[in-house]
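*Asks:* Mind looking at a prediction? Sequence and model below.
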Amino acid sequence: MHMSDALISPAVAGVMATASTGLIAYSVYKTKDELEEKKIPLMGVMGAFVFAAQMINFTIPGTGSSGHIGGGLLLASILGPAPAFLVMSTVLIIQALFFADGGVLALGCNIFNMGFYGCMIAYPLIFKPIIKKGFSKGRIVLASILASVIGLQLGAFSVVIETLLSGRTELPFTSFVLLMQPIHLAIGIGEGIITAGVLCFIHSARPEILEYEVSGKKLGLSISLKKVTITMVVLAALVGGVLSLYASSYPDGLEWSMGNIIGEKELQTEGKAYKKAENIQETTSFMPDYNFKNANEDSSIGTSAAGIVGGAITLIFAFLIGFIISKIKKNKTVMN
């Protein structure tokens, strides 16, 4: 559901960039107070996993479309809403700047649509109330699917509203919404199943991660996260380096919806703002479309390399964000 720059006007892009920047600032403030030092490695590891998992589009049977997980709900279930939003923002910024996935101008929209709803709406308002009644595989699956579906429905509807407010008359509201919502309902179910699978594993390996996050308790020094951390690193490498080669070639839900209306997956635009954003992305992206730069055709080696390199970059940046916030918190505590 990564929006390209052509879908939005500079004015809408500015508003959404401001909103997402405000949410990032709020998340830094909340993370400073809530993040446990023990969870900092998980910020990096889970960020790497979500980056890799977003490379794998799964086919939606009978539609000619595909989708990938958003990852916000998964991150929030493990890290909490605020740290999860920071990690999600990191993933999307890295994708846009280094891999040309999603527009630079549209970055604020993408952070809001894929980060805010999963981390700050679906988790605390849908997932958490269900799972509070008792941890079981059945409840984890139910909560994951319901929260994923609702979060993705909200995100898909936001895409429609953002294009409407941008004056994209090529995508009439009624036609667009009647395609976007059903296809993202199916994608949401897929994301919910994948999210439930990961959370069930984590709960079986270290139940305190999920249970303490829901109850607000601290993990403490006696609880080791080593097994989960190492396992998720290995999974991120396998998903990004191997499973990404088997991603569906069908267009994603957004591209599919556009294709059914205008017959193309992208819109054409002109203007200084769009050109500037395009130039920035051409300069910063060293593996555009998850392939070697200037490659004549898709390369399996390039895809694998992009998955591993992107995951590693995300791991480092997400870890550093948590580490720096933790240091700031410690310094303030010492000063007080």
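*Replies:* Received the coordinates, thanks. Numbers count the residues shown, from 1 in each chain.

*Asks:* ok but residue 59 is inside a strand, no?
*Replies:* Yes - per DSSP: H, G, I helix; E, B strand; the rest coil, residue 59 lies within a strand segment.

*Asks:* what about it, distance to residue 2?
*Replies:* Per C-beta to C-beta, to the nearest Å, residue 59 is found 18 Å from residue 2. (Each C-beta comes from the backbone N, C-alpha and C, glycine too.)

*Asks:* before we move on, what about residue 161?
*Replies:* Separation of residue 161 from residue 2 (C-beta to C-beta) stands at 17 Å.

*Asks:* remind me which residues of the protein are low pLDDT?
*Replies:* 333-336 (pLDDT under 70).

*Asks:* Repeat the analysis, applying 80 as the threshold.
*Replies:* Filtered on pLDDT under 80, the chain yields the residue ranges 220-221, 294-298, 330-336.

*Asks:* Number of residues surrounding residue 309?
*Replies:* Residues lying near residue 309 (other C-beta atoms under 10 Å) number 17.

*Asks:* what about it, helix or strand, and which?
*Replies:* helix 300-335 (DSSP states H and E).

*Asks:* to the chain's geometric centre, what's the distance from that helix?
*Replies:* When distances are taken as C-alpha atoms, centre = their mean, to the nearest Å, helix 300-335 is centred 15 Å away from the chain's centroid.

*Asks:* where along this protein do the helices fall?
*Replies:* Along the chain, counting by DSSP state H, helices occupy 10-34, 40-53, 72-79, 81-99, 107-111, 128-131, 137-165, 173-205, 208-215, 226-241, 253-262, 272-284, 300-335.

*Asks:* Out of those helices, flag the one nearest residue 120.
*Replies:* Minimum separation from residue 120 across those (C-beta to C-beta) falls at helix 81-99, 5.0 Å.

*Asks:* elements contacting the closest one?
*Replies:* helix 10-34, helix 40-53, helix 72-79, helix 107-111, helix 272-284, helix 300-335 (3 or more C-beta pairs under 8 Å, 6 or more residues apart in numbering; DSSP states H and E).

*Asks:* Burial-wise, tell me which of the ones you listed comes out on top.
*Replies:* Highest mean neighbour count of those: helix 72-79, a mean of 30 (counted as mean count of other C-beta atoms under 10 Å).

*Asks:* what angle separates that one from helix 173-205?
*Replies:* Helix 72-79 and helix 173-205 are oriented at 30 degrees to each other (axes from the mean of the first three to the mean of the last three C-alpha atoms, to 10 degrees).

*Asks:* what's the spacing between residue 270 and residue 278?
*Replies:* 11 Å.

*Asks:* Let me know the angle separating the helix holding residue 309 from helix 72-79.
*Replies:* Angle between the axes of helix 300-335 and helix 72-79 is 40 degrees (criterion: the same axes, to 10 degrees).

*Asks:* Does anything pack onto helix 300-335? Which helices or strands?
*Replies:* helix 10-34, helix 40-53, helix 81-99, helix 226-241.

*Asks:* With distance to residue 207 as extra columns, can I get those in a markdown table?
*Replies:* What follows is the helices and strands packed on helix 300-335, written out as a markdown table (distance: least, C-beta to C-beta, whole Å):
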| stretch | distance to residue 207 |
| --- | --- |
| helix 10-34 | 20 |
| helix 40-53 | 15 |
| helix 81-99 | 19 |
| helix 226-241 | 11 |
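
*Asks:* Ok, which of the ones you listed comes nearest residue 282?
*Replies:* With C-beta to C-beta as the criterion, residue 282 lies closest to helix 81-99 of the helices and strands packed on helix 300-335, at 10.9 Å.

*Asks:* in the closest one, what's buried?
*Replies:* Using 16 or more other C-beta atoms under 10 Å as the test for burial, helix 81-99 gives 81-99.
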